[in-house]
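Asks: test case, fold it:
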Amino acid sequence: MNRKIICLLIFLSLASGLLYAAAPQQIRFISPINEGTWLGVQRIHFELRNVDPKKVISVEVFLEGKFLREFKSPPYDFSYDFGQVPKRSSIRVVVYGSRGVLLKKSISSYPYDAVEEVHVLQVVVPVVVTDKKGNMLTHLKEEDFIILADGVEQKINSYSRGGGVDFHLALLIDISSSMSDKIGKVRDAATIFLKQVLTKKDEACLIFFNHDTFEDTDFTNSVDDLINSMSMIFPYGKTALYDAIAHCLKLFRGIQGRNIVILYTDGEDNSSYIDPYTLIKQAERSNAVIYSIGPKVRQFGDMYWELLKEISASSGGLTFSFTNIDQIEGFYRKIKQDIRTQYILQFSPKAIKKLNRFRKILVKLKDRKDYNIRTIKGYFY
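Replies: Model (predicted):
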């Protein structure tokens with residue numbers, strides 16, 4: 001064999017070995033989604049990254065510690081029936097080599113009614129009140145409101161207007177390839193919005209998504225940092241809308257107080273792993289108000305738009321549909337008005353024996369009939 005070819009083969013072999021050695025070895029689960037609700041027949045699908053296949057003897061899959069399946073080679077993909085009752089389950093994958101375990105990783109389901117045992121000290125209830133014509137009622141006092149939690153009247157211990165309460169805000173922006181002709185308008189509208197809304201007491205972060213999700217900034221009150229981050233984005237890839245919303249909501253789990261998500265997407269989900277049912281349940285137990293902006297295009301069907309309306313309504317937020325991208329700046333103005341004119345009511349839940357379940361909230365006005373109230377559906381306690 002030609003000496004040059006032999007040298008090239010040796011070089012490629014060494015380079016391949018260095019690549020595996022330099023990059024971190026990992027098991028990447030594609031489905032089911034970690035901390036999702038696993039119901040019915042679902043695919044268990046994962047892949048090995050940066051693992052030399054020559055060093056892999058077998059790959060074993062366990063469910064709740066019990067052996068489920070063994071693979072000698074990829075693809076690592078099969079179906080399993082999780083049943084129709086949501087429950088806590090765990091999947092563990094173990095990769096074996098000649099010297100024993102090379103890698104292992106576990107994921108767990110998160111049934112929609114399973115919530116960490118957290119004792120809520122303050123429940124934040126954002127409220128928008130309008131008359132029958134849709135005009136906002138902005139001069140109500142604390143004594144005008146009644147809050148019921150599971151039918152039990154609660155004592156309001158904090159009352160304020162939206163402009164006087166600081167918040168955490170996440171801008172969740174679609175950067176899939178279909179955004180190529182729209183990203184400039186979205187960036188400009190978001191920039192104006194941040195400049196007008198964010199104060200020194202407020203904090204915001206940017207999250208971009210296509211088929212993946214990117215936390216581009218931590219929470220900050222620096223408008224300049226946020227604007228600079230937006231200037232660096234460019235659209236590409238597919239749209240994992242549901243995964244991005246779920247990821248965003250997780251950021252707020254440990255953040256008490258007033259939390260807001262503003263979502264912009266220009267198309268239907270085509271690559272998420274999380275299912276709509278699980279996403280709706282996560283939105284219901286979230287402590288964030290969700291505003292959704294998207295195109296109302298008939299070809300996407302009803303499910304896409306109905307899902308956006310459901311997750312926004314359950315959180316006390318709004319949905320805005322556009323037929324022209326130039327409308328987006330007006331939508332941001334309406335969201336700004338909504339944020340600044342909300343009533344922010346807070347209460348400490350009265351002692352309840354049974355913890356960790358969803359409590360329905362009902363907000364009413366005393367001695368008034370002709371009004372509409374928009375607020376959260378409830379909270380977990």
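
Asks: all helices for this protein, in order.
Replies: Taking DSSP state H as the test, the helices found in the chain are 3-22, 183-197, 223-230, 241-251, 276-284, 301-315, 328-341.

Asks: most tightly packed of the ones you listed?
Replies: helix 241-251 (a mean of 22; mean count of other C-beta atoms under 10 Å). Glycine gets a C-beta too; all of them are placed from N, C-alpha and C.

Asks: run through who's touching that one.
Replies: Outside helix 241-251, the residues that touch it by C-beta atoms under 8 Å, 6 or more residues apart in numbering are 33, 35-36, 170, 172, 174, 205, 207, 209, 213, 215, 261, 263, 265, 267-269, 271-276, 278-279, 282-283, 286, 288, 290, 307, 311.

Asks: may I see the PyMOL selection of the buried members of these?
Replies: A single PyMOL command selects the buried members of the contacts of helix 241-251 (16 or more other C-beta atoms under 10 Å):
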select buried, resi 33+35+36+170+172+174+205+207+209+213+261+263+265+267+268+269+272+273+274+275+276+278+279+282+283+286+288+290+307+311
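
Asks: out of the contacts of helix 241-251, which are inside strands?
Replies: 170, 172, 174, 205, 207, 209, 213, 215, 261, 263, 288, 290 (DSSP state E).

Asks: pretty sure residue 131 contacts residue 373?
Replies: No. Look at residue 131 against residue 373 with C-beta atoms under 8 Å: they stay out of range, at 11.2 Å.

Asks: more crowded one of the two?
Replies: Using other C-beta atoms under 10 Å, the more surrounded residue of residue 131 and residue 373 is residue 373, with 16 against 12.

Asks: kindly state the beta-bridge partners for that one.
Replies: On the basis of DSSP bridges, residue 373 is bridged to residue 129.

Asks: okay, it: pLDDT?
Replies: Looking at residue 373, its pLDDT stands at 94.

Asks: contacts only, for it.
Replies: 127, 128, 129, 363, 364, 365.

Asks: now with 7 Å, please.
Replies: 127, 129, 363 (C-beta atoms under 7 Å, 6 or more residues apart in numbering).

Asks: what of residue 332?
Replies: 189, 192, 193.

Asks: wait, which of those is closest to residue 155?
Replies: Using C-beta to C-beta, residue 193 is the member of the contacts of residue 332 that lies nearest residue 155, at 35.3 Å.

Asks: how far away is the closest one from residue 231?
Replies: 15 Å (C-beta to C-beta, to the nearest Å).

Asks: residue 27 too?
Replies: Residue 27 is 36 Å from residue 231, by C-beta to C-beta.

Asks: okay, the two: which has more neighbours?
Replies: residue 27 (21 against 8).

Asks: separation between that one and residue 126?
Replies: Taken as C-beta to C-beta, the span from residue 27 to residue 126 is 41 Å.

Asks: and if you look at residue 136?
Replies: In terms of C-beta to C-beta, residue 136 sits 13 Å off from residue 126.

Asks: the two: which is more packed in?
Replies: residue 126 (24 against 13).
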